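Peer 1: Give the three-dimensional model of this entry:
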Amino acid sequence: MTEPNRNPQPPDLDDALRRLVLARASAINGKLLARLSTVSDDLDAGGHRAAIGGLDGIEREIATMRSFLLLLS
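Peer 2: Below you'll find the model as predicted:
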């Protein structure tokens, strides 16, 4: 049986992981903003069904971004 590593991760690795998590959350945020902009355009054009389609699944993306950000807490 192997013994667990009790040494903390070096600060450089922590910083790299933090940057990676923030980059992923930022990418999701960019996609969400683009989708919401499209939904806004659809609503302005009177396309309520298109807006509904644009909002489909957005909660999952928000939850994913929130989960990434909670990793940093």
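Peer 1: Counting neighbours, which bits of the host helix or strand of L43 end up buried?
Peer 2: Secondary structure from DSSP states H and E places L43 in helix 11-44. If you call a residue buried by 16 or more other C-beta atoms under 10 Å, then helix 11-44 has these buried ones: 21, 25, 28, 35, 39, 42. C-betas here are computed from N, CA, C, even on glycine.
Peer 1: Which residues does stretch 11-25 contact?
Peer 2: Contact with stretch 11-25 is made by 65, 68-69, 71-72, as judged by C-beta atoms under 8 Å, 6 or more residues apart in numbering.
Peer 1: Quick one: mean pLDDT over that stretch.
Peer 2: The pLDDT scores in stretch 11-25 average 93.
Peer 1: any idea how far R49 is from S26?
Peer 2: 30 Å (C-beta to C-beta, to the nearest Å).
Peer 1: show me what contacts N29?
Peer 2: Neighbouring residues of N29 by C-beta under 8 Å, 6+ apart: M65.
Peer 1: Please tabulate the buried residues of helix 11-44 in TSV, including the columns distance to P10.
Peer 2: Putting the buried residues of helix 11-44 into TSV (distance: C-beta to C-beta, whole Å) gives the following:
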residue	distance to P10
V21	17
A25	23
I28	28
R35	38
V39	44
D42	48
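Peer 1: out of those, who's nearest R60?
Peer 2: Nearest to R60 among the buried residues of helix 11-44: I28, at 10.4 Å, using C-beta to C-beta.
Peer 1: The closest one contacts F68, doesn't it?
Peer 2: Yes. Using C-beta atoms under 8 Å, I28 makes contact with F68 at a distance of 7.4 Å.
Peer 1: Could I get the contacting residues of H48?
Peer 2: H48 makes contact with D42, according to C-beta under 8 Å, 6+ apart.
Peer 1: If any of the contacts of stretch 11-25 are buried, give me the ChimeraX selection for them.
Peer 2: A single ChimeraX command selects the buried members of the contacts of stretch 11-25 (16+ other C-beta under 10 Å):
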select :65,68
